[in-house]
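Student: pasting the sequence and the predicted coordinates here, then a few questions.
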Amino acid sequence: MLSKSTLSNTLQCTCSFAVAVLVIPAAQAQTNQSGQCPDPCYPTIVDSVQGDCDLDGDVDVNDYNIWSYYNSFPPSAGEPVTPRQGDVNWDGQIDTSDQIIIINQYLAGASLSAIPEIYNVDIDTTLNSDGSITLYDNATSQTICDSEPIYSTHNSGWYPPSGCGPIPCAPYDTDGDGRLDPIPDTDVTYDLANETDDGFDLVITVTNSSSVTRPIGHMRLTGLSFGSSPANTSAVYRDPQFGGKAVSLSGDDPDHNRQYPGRLYAPVHVLEVDGYTLGLSVQYPILEYEHTITFGTRYDNDAWTILFIPNKYYINSSSNSAQDYNADANIAPGEIREYVVSVRIHKSSCCDDTNEWVRTLRPYKRYFKALYGPVRYARDDDPVNGFNIAAPGQYSLTNEYSFTHSSTRAPDDYGWYGSTGTNGWVPLMLEGSSQYGWDRTMLWAAGGRYPPATPNLNLPPQFTSEWANMTNADTNDLDDYPNGSNRTLGLWWGHAGSYPDAWPATSLTTLDPANSTHTSFVTNEMQGALDADADEIGLDAFKVMKVWDSYWWLQELQDTYPGIRFITENQHCDLMHTLAPTFAEANNDDGYKYPEGIPLVDFLNADHEFWGQARRDLLEDYLGHAPSGTEIDTFLNTVAGFGFVPVYMSDVNSDIDRSGGGYEAVESWDSSIPSDLNN
């Protein structure tokens with residue numbers, strides 16, 4: 001083991017290697033409470049500490065010893081490697097490059113305490129003996145939060161569910177009430193690890209000291225009055241599902257519950273009431289704990305409540321069924337878990353910049369970057385031309401694969417060049433490239449669709465293999481589009497997180513990377529993509545796999561097929577977005593789904609690539625008429641301006657001419673978040 005006295009000497013043995021050292025700026029926070037706004041208002045900061053393996057906020061001997069242990073006793077072959085084991089540069093190896101970073105960071109004094117706190121409030125936090133929190137605003141002499149205990153083990157109204165959920169009641173129901181026995185309060189401890197003028201970091205430690213599995217309990221911050229009694233019943237919720245879109249809430253209808261990972265991009269909740277912005281985040285190692293958390297908002301007892309509950313799927317629903325219970329979060333006998341709940345508060349001031357609300361999520365960003373690192377792929381900002389090769393409503397006895405334009409373009413009948421040799425999909429794509437400047441193409445359902453009798457199983461996971469049963473669908477023709485050019489061909493892999501039982505499928509099973517039958521299926525489908533010379537693969541419905549499985553499976557796909565880029569769907573969460581681009585629908589028949597852009601994504605994952613499906617048919621529904629060329633141009637520029645890579649869905653090449661370029665995704669993080677946080 002290494003001591004501090006010998007750490008500097010160790011550096012002398014490794015200084016010949018090159019390393020990028022994170023420099024922590026020395027700057028003072030400014031409270032800006034006088035009304036006189038300095039220029040600049042806030043110093044530019046870097047909100048992460050690389051090399052902090054144990055995530056205690058400092059790079060020290062403990063971090064070096066963690067690296068040293070796993071360098072000497074690495075995980076077994078095929079097992080994942082994480083920064084918590086010493087892989088602090090996220091390259092999948094625990095080696096000397098990580099050692100150098102840790103040593104240099106230590107010598108530089110890398111520490112969260114060296115990063116300036118930025119705030120414009122003066123809040124006192126009191127942690128009471130029962131785990132409740134009181135927040136007092138010194139500027140207004142008002143209590144803005146007077147909570148019940150943040151952690152609670154039982155709520156007979158709706159948690160845990162009757163019938164014990166998906167596991168038998170016995171022996172977990174010792175009191176015979178038909179519910180799982182929760183963790184008792186005596187097994188929960190609280191530590192106010194950090195108190196700042198704008199909030200606090202509370203460490204909740206949960207220990208299962210019993211001999212049986214138990215629910216983890218639930219957590220909530222109640223009593224949020226923001227200085228008014230009763231609290232204002234009108235609030236704004238910053239929806240992490242849509243990049244931080246402002247959603248109006250009322251005390252009568254605050255029902256916004258979302259699951260992370262799932263619909264939420266990050267485990268955060270931001271509420272704006274009466275000039276206050278309160279951001280709450282939960283920091284926990286999801287790849288180790290292997291459970292989701294569902295967040296929600298309530299208005300109870302004349303105050304707002306933020307809930308964050310591991311054992312529930314829907315926390316504002318009246319459902320109390322077994323299906324509503326999430327057993328992944330159960331805590332095993334003898335297991336100990338720590339959850340850090342961070343709360344930060346901001347008030348409107350003359351220093352406010354764009355989307356100031358993200359400032360309240362700095363604690364989570366620090367944790368996230370230390371654990372998962374930066375975006376690991378090269379961003380491509382070029383727009384994508386999307387084609388539906390098969391679609392709903394096209395099925396007939398003579399068009400069993402539901403191909404669009406089946407009388408001229410059906411690949412099973414006419415191949416990829418069409419009935420005349422010039423009117424098929426390949427000629428259309430080549431025309432789009434040569435005449436209209438669309439050099440990046442993605443094909444949906446290129447292998448066809450299942451019959452209408454199985455609508456919920458479309459799109460098929462067999463995205464290439466069914467070509468072998470089509471007389472004319474020759475991949476040697478399909479690869480004429482990308483072959484030997486700057487054009488890229490993409491194939492959308494239907495239900496990419498699932499394994500089908502047949503064609504057509506009668507059921508889909510979540511893909512298991514440890515199941516050789518499943519992985520053989522994947523290999524066969526990917527061989528078809530390789531034969532077609534595909535450059536990009538869209539992973540449809542990839543979120544059906546649990547993140548603690550898909551995080552490693554995606555990296556295995558990338559390692560196995562290094563020449564292919566993968567894109568996850570539908571708007572995968574923050575840690576998955578560090579590995580690969582993700583995809584979401586950018587518009588609906590009401591307009592833009594992300595009307596304020598994607599500032600939360602920009603804040604956590606600058607340099608990201610985010611595909612935004614821009615559907616012409618939905619634009620037409622929104623406008624009430626067929627869009628003109630000018631309207632389509634404005635539409636695509638708006639989507640690109642939000643930071644999305646526009647994926648334009650239309651099978652008419654002449655819709656829009658980008659032969660001179662255009663519609664490239666902007667680097668939205670340059671303008672969507674406060675300038676001092678843009679690092």
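Tutor: Yep, it's here.
Student: neighbours of Thr408, how many?
Tutor: When neighbours are counted by other Cβ atoms under 10 Å, Thr408 registers 12. To be clear about C-beta, it is placed using only N, CA and C from the backbone, and glycine gets the same treatment.
Student: contacts only, for it.
Tutor: 414, 418-420, 423-424 (Cβ atoms under 8 Å, 6 or more residues apart in numbering).
Student: any chance of those residues in JSON lines, with secondary structure and neighbour count too?
Tutor: Output for the contacts of Thr408, formatted as JSON lines (DSSP: H, G, I helix; E, B strand; the rest coil; neighbours: other Cβ atoms under 10 Å):
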{"residue": "Tyr414", "secondary structure": "helix", "neighbour count": "23"}
{"residue": "Gly418", "secondary structure": "coil", "neighbour count": "21"}
{"residue": "Ser419", "secondary structure": "coil", "neighbour count": "15"}
{"residue": "Thr420", "secondary structure": "coil", "neighbour count": "10"}
{"residue": "Asn423", "secondary structure": "coil", "neighbour count": "15"}
{"residue": "Gly424", "secondary structure": "coil", "neighbour count": "23"}
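Student: using JSON lines, lay out the residues you listed together with pLDDT.
Tutor: Below are these laid out as JSON lines (pLDDT from 0 to 100):
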{"residue": "Tyr414", "pLDDT": "96"}
{"residue": "Gly418", "pLDDT": "95"}
{"residue": "Ser419", "pLDDT": "95"}
{"residue": "Thr420", "pLDDT": "96"}
{"residue": "Asn423", "pLDDT": "94"}
{"residue": "Gly424", "pLDDT": "94"}
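Student: and which of those is nearest to Asn326?
Tutor: Gly424 (47.8 Å; Cβ to Cβ).
Student: didn't the closest one look like it was pressed against Tyr414?
Tutor: Yes. With contact defined as Cβ atoms under 8 Å, Gly424 reaches Tyr414; the gap is 6.0 Å.
Student: shaky segments in the stretch 551-679 of the chain?
Tutor: Residues of the stretch 551-679 of the chain meeting the criterion pLDDT under 70: 652-655, 679.
Student: mind listing what the helix or strand hosting Leu443 pairs with, with the direction of each?
Tutor: Using DSSP states H and E, Leu443 maps to strand 440-444. In the sheet, strand 440-444 lines up against strand 384-388 (parallel), strand 488-493 (parallel) (DSSP bridges).
Student: now the last one: average pLDDT?
Tutor: For strand 488-493, mean pLDDT rounds to 97.
Student: for stretch 334-343, same thing?
Tutor: 95.
Student: now it, how far from the chain's geometric center?
Tutor: 21 Å (Cα atoms, centre = their mean, to the nearest Å).
Student: and if you look at stretch 354-365?
Tutor: Stretch 354-365 sits 16 Å away from the centroid of its parent chain (Cα atoms, centre = their mean).
Student: tell me the buried residues in that stretch?
Tutor: Neighbour-count burial for stretch 354-365 flags 355-365 (criterion: 16 or more other Cβ atoms under 10 Å).
Student: now swap in stretch 394-407 and tell me
Tutor: 394-395, 399-406.
Student: helix or strand right after the strand holding Leu443?
Tutor: helix 475-478.
Student: what's that following helix packed up against?
Tutor: Packing partners of helix 475-478 (3 or more Cβ pairs under 8 Å, 6 or more residues apart in numbering; DSSP states H and E): helix 425-436, helix 516-531.
Student: restricted to helices, list the buried residues of stretch 394-407.
Tutor: Ser406 (DSSP state H).
Student: quick one: which of the buried residues of stretch 394-407 is nearest to Ile183?
Tutor: Ser402 (51.2 Å).
Student: how much space separates the closest one from Leu489?
Tutor: From Ser402 across to Leu489, the span is 21 Å (Cβ to Cβ, to the nearest Å).
Student: make a markdown table from the helices and strands packed on helix 475-478 and add mean pLDDT, mean neighbour count and distance to Pro310 to it.
Tutor: What follows is the helices and strands packed on helix 475-478, written out as a markdown table (pLDDT from 0 to 100; neighbours: other Cβ atoms under 10 Å; distance: least, Cβ to Cβ, whole Å):
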| stretch | mean pLDDT | mean neighbour count | distance to Pro310 |
| --- | --- | --- | --- |
| helix 425-436 | 92 | 19 | 47 |
| helix 516-531 | 98 | 15 | 28 |
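Student: so which of those is nearest Glu585?
Tutor: Proximity to Glu585, assessed across the helices and strands packed on helix 475-478 by Cβ to Cβ, is greatest for helix 425-436 (21.8 Å).
Student: contacts for the closest one?
Tutor: Here helix 425-436 makes contact (Cβ under 8 Å, 6+ apart) with 385, 387, 389, 409, 411, 416-418, 421, 438-439, 441, 443, 477-478, 480-481, 485, 487, 489, 651, 653-654, 656-659.
Student: out of the helices and strands packed on helix 475-478, nearest to Asn194?
Tutor: Counting by Cβ to Cβ, Asn194 lies closest to helix 516-531 out of the helices and strands packed on helix 475-478; the figure is 44.3 Å.
Student: quick revisit: right, and the helices and strands packed on helix 475-478 - which one's nearest Asp52?
Tutor: Here helix 516-531 is closest among the helices and strands packed on helix 475-478 (Cβ to Cβ), at 35.2 Å.
Student: by how many degrees do that closest one and strand 488-493 diverge?
Tutor: 150 degrees (axes from the mean of the first three to the mean of the last three Cα atoms, to 10 degrees).
Student: gap between helix 516-531 and the chain center?
Tutor: 27 Å.
Student: next SSE downstream of it?
Tutor: Per DSSP H and E, the first helix or strand lying C-terminal to helix 516-531 is strand 536-539.
Student: helix or strand right after that following strand?
Tutor: Heading C-terminal from strand 536-539, the first helix or strand you meet, by DSSP H and E, is helix 547-560.
Student: and that next one, what's buried?
Tutor: Result for helix 547-560 [16+ other Cβ under 10 Å]: buried residues 547-555, 557-558.
Student: in contact with the residue nearest the centre of the chain, which residues?
Tutor: For the chain, Cys573 is the residue whose C-alpha lies nearest the centre (Cα atoms, centre = their mean; 1.2 Å). Each residue near Cys573 by Cβ under 8 Å, 6+ apart is listed here: 260-262, 264-266, 547.
Student: PyMOL command to pick out the buried ones of the residues you listed?
Tutor: Per 16+ other Cβ under 10 Å, the buried members of the contacts of Cys573 correspond to this PyMOL selection:
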select buried, resi 260+261+262+264+265+266+547
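Student: quick one: which of the contacts of Cys573 is nearest His625?
Tutor: Tyr265 (34.2 Å).
Student: now name the helix or strand holding Ile103.
Tutor: Using DSSP H and E, Ile103 sits in helix 96-107.
Student: tell me what that helix is packed against?
Tutor: Counting contacts by 3+ Cβ pairs under 8 Å, 6+ apart, helix 96-107 packs against helix 4-14, helix 61-72.
Student: rank these by mean pLDDT and give me the bottom one.
Tutor: Among the helices and strands packed on helix 96-107, helix 4-14 carries the lowest mean pLDDT, a mean of 35.
Student: could you list the low-pLDDT ranges of the stretch 51-200 of the chain?
Tutor: If you take pLDDT under 70 as the line, the stretch 51-200 of the chain has these spans: 78, 113-119, 153-182.
Student: where exactly do the strands run in it?
Tutor: Ranges of strands within the stretch 51-200 of the chain are 123-127, 133-137, 142-146, 151-152, 188-196, 199-207, based on DSSP state E, counting those that start in this stretch.
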